[in-house]
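> coordinates only, sequence not included:
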């Protein structure tokens with residue numbers, strides 16, 4: 001009998017909280033059943049600054065999604081980001097002690113645990129330990145070593161850490177909203193599952209997810225994540241610049257950015273006029289559109305120049321021949337791809353959510369990329385429990401991957 005699983009994700013962003021509920025088949029394609037969204041005022045640059053406001057936004061977002069889906073969901077994959085997120089690559093090595101020298105899933109778990117043994121400050125915790133590749137007796141680029149013969153097993157792992165207190169605050173908000181945290185998931189990791197092509201990840205690609213308060217960066221090489229980081233600039237900074245430069249309210253600045261804004265001044269003619277609502281007055285004033293573009297362009301140039309600097313500093317600049325994929329709500333600003341190409345000199349494309357059915361087929365805006373990515377992430381975990389011949393879970397955010405695999409296998413065969 002075909003099995004399916006209900007997967008739900010919560011994307012807690014600076015400007016909004018978005019909840020998605022999906023049914024995932026054995027084949028792994030998510031069918032979106034419900035979506036909810038509510039403005040967020042309790043988050044700044046990916047960090048909780050007002051618990052009550054964040055809890056309210058989560059509750060309302062979940063309520064909308066559950067009402068549309070026609071069912072209640074108790075546990076959620078929750079996306080996290082923020083300047084406190086950091087990453088590094090670590091290696092682990094163990095001897096294979098089985099008499100027949102066959103590598104088991106227990107060996108895979110042990111070598112991953114060895115890679116997790118790193119020195120981090122006491123106020124930080126490991127969020128993900130993602131295996132990138134294995135080496136068996138000096139033979140590298142092994143993806144799934146279980147079942148192979150060897151005497152020494154090594155792994156290259158991508159370790160993501162976060163500030164313990166910040167992660168605890170996210171958990172606290174979700175719990176107070178009446179939900180359970182199934183797993184905290186790095187947002188660019190989820191977004192990559194939603195918008196990147198497998199061929200891009202194999203060749204080498206950089207994902208830039210422009211959110212409200214931050215922009216997430218993730219570099220994929222040889223199919224797996226190689227580097228991840230967060231820049232403290234997002235779409236809200238552009239809005240703030242417009243509000244300050246034109247002396248208008250933030251709501252009016254957001255409207256102007258969305259309806260008339262462009263990141264490329266050369267796209268605007270001197271004759272174009274826009275109407276601007278002044279603070280404290282009902283009448284509108286006329287303004288050249290060039291004035292708006294001259295405010296937006298420098299901030300967007302700065303963003304992608306910082307992306308380039310970050311990639312160079314991380315040693316990733318020569319590893320992304322597939323270029324940069326830009327996603328998130330900020331990617332929809334007119335001229336975004338063009339200014340990114342000018343600032344970096346790389347090929348640029350805008351990333352849209354892919355491979356979803358149901359009402360998910362209508363959620364093509366990049367602002368839903370992370371939420372849909374959380375569903376894809378949950379679908380991966382579900383498929384891992386259905387395949388007793390598959391390797392343990394890909395992300396190891398907790399040390400229980402092999403136990404979950406065994407539990408899923410026993411359940412499948414009837415125990």
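Looks like it came in fine. Because the structure is a prediction, the values reported are computed rather than measured. Numbers count the residues shown, from 1 in each chain.

> how about the helices in the stretch 151-300 of the chain?
164-176, 187-195, 198-203, 235-246, 250-260, 289-313 (DSSP state H, counting those that start in this stretch).

> could you give the mean pLDDT of the second one?
Along helix 187-195, the predicted local confidence has a mean pLDDT of 94.

> can you list the buried residues in that helix?
By neighbour count on 16 or more other CB atoms under 10 Å, the buried set for helix 187-195 is 187, 188, 189, 190, 191, 192, 193, 194, 195. Placement of C-beta: from N, CA and C, glycine included.

> show me the strands in the stretch 251-400 of the chain, by range?
273-277, 284-288, 324-327, 348-350, 357-358 (DSSP state E, counting those that start in this stretch).

> out of those strands, deepest packed?
Scoring the strands of the stretch 251-400 of the chain by mean neighbour count under mean count of other CB atoms under 10 Å gives strand 324-327 as the most buried, with a mean of 28.

> residue 319 contacts residue 204, correct?
Yes. With contact defined as CB atoms under 8 Å, residue 319 reaches residue 204; the gap is 4.8 Å.

> measure how far stretch 215-223 is from the centre of its chain, please.
10 Å (CA atoms, centre = their mean, to the nearest Å).

> please apply the same query to stretch 6-23.
12 Å.

> same thing with stretch 222-242?
On CA atoms, centre = their mean, the centre of stretch 222-242 falls 10 Å from the chain's centre.

> average pLDDT for that stretch?
Per-residue pLDDT over stretch 222-242 has a mean of 92.

> quick one on the thing from earlier: out of the buried residues of helix 187-195, the closest to residue 89 would be?
Residue 89 lies nearest to residue 189 out of the buried residues of helix 187-195, by CB to CB, at 14.6 Å.

> so what's that closest one up against?
128, 130, 160, 218, 225, 228, 373, 377, 395 (CB atoms under 8 Å, 6 or more residues apart in numbering).

> rerun at 10 Å
Residue 189 sits next to 79, 127-128, 130, 158, 160, 207, 216, 218, 220, 225, 228, 370, 373-374, 377, 394-395 when contact means CB atoms under 10 Å, 6 or more residues apart in numbering.

> helix, strand or coil for the residue of the chain positioned farthest from its centre?
For the chain, the largest distance from the centre (CA atoms, centre = their mean) belongs to residue 99, which lies 42.3 Å off. Assigned with DSSP: H, G, I helix; E, B strand; the rest coil, residue 99 falls in the coil class.

> so what pLDDT did it get?
Residue 99 carries a pLDDT value of 88.

> quick one: contacts for it?
Counting by CB under 10 Å, 6+ apart, residue 99 makes contact with nothing.

> on that earlier part again, need the residues touching each of residue 319 and residue 204.
Taking CB under 10 Å, 6+ apart as the criterion, residue 319 and residue 204 both touch 219, 220, 221, 222, 226.

> with the residues you listed in mind, which one is nearest to residue 287?
residue 219 (40.0 Å).

> any idea how far the closest residue to that closest one other than its chain neighbours lies from residue 307?
Excluding its sequence neighbours, the residue lying closest to residue 219 (CB to CB, 6 or more residues apart in numbering) is residue 227, at 4.2 Å. Look at residue 227 and residue 307: by CB to CB, to the nearest Å, they are 12 Å apart.

> what sits in contact with each of the two?
Taking CB under 10 Å, 6+ apart as the contact rule, residue 227 and residue 307 both touch 206, 217.

> show me the contacts for the residue nearest to residue 219.
87-89, 158, 188, 206, 217-221, 310-311, 314-316, 319-320.

> and those residues, which are buried?
Taking 16+ other CB under 10 Å as the criterion, what is buried in the contacts of residue 227 is 87, 158, 188, 206, 217-221, 310-311, 314, 316, 319-320.

> where in the stretch 151-300 of the chain is pLDDT low?
Along the stretch 151-300 of the chain, no part satisfies pLDDT under 70.

> that older thread, in a markdown table, list the strands of the stretch 251-400 of the chain along with distance to residue 295.
As requested, those are arranged in a markdown table below (distance: least, CB to CB, whole Å):
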| stretch | distance to residue 295 |
| --- | --- |
| strand 273-277 | 12 |
| strand 284-288 | 11 |
| strand 324-327 | 20 |
| strand 348-350 | 22 |
| strand 357-358 | 40 |
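
> so which of those strands is nearest residue 148?
Going by CB to CB, the one of these nearest residue 148 is strand 324-327, 33.7 Å.

> the closest one packs against which elements?
Where contact means 3 or more CB pairs under 10 Å, 6 or more residues apart in numbering; DSSP states H and E, strand 324-327 is packed against helix 187-195, strand 205-210, strand 215-221, helix 289-313, helix 336-344, strand 348-350, helix 369-386.
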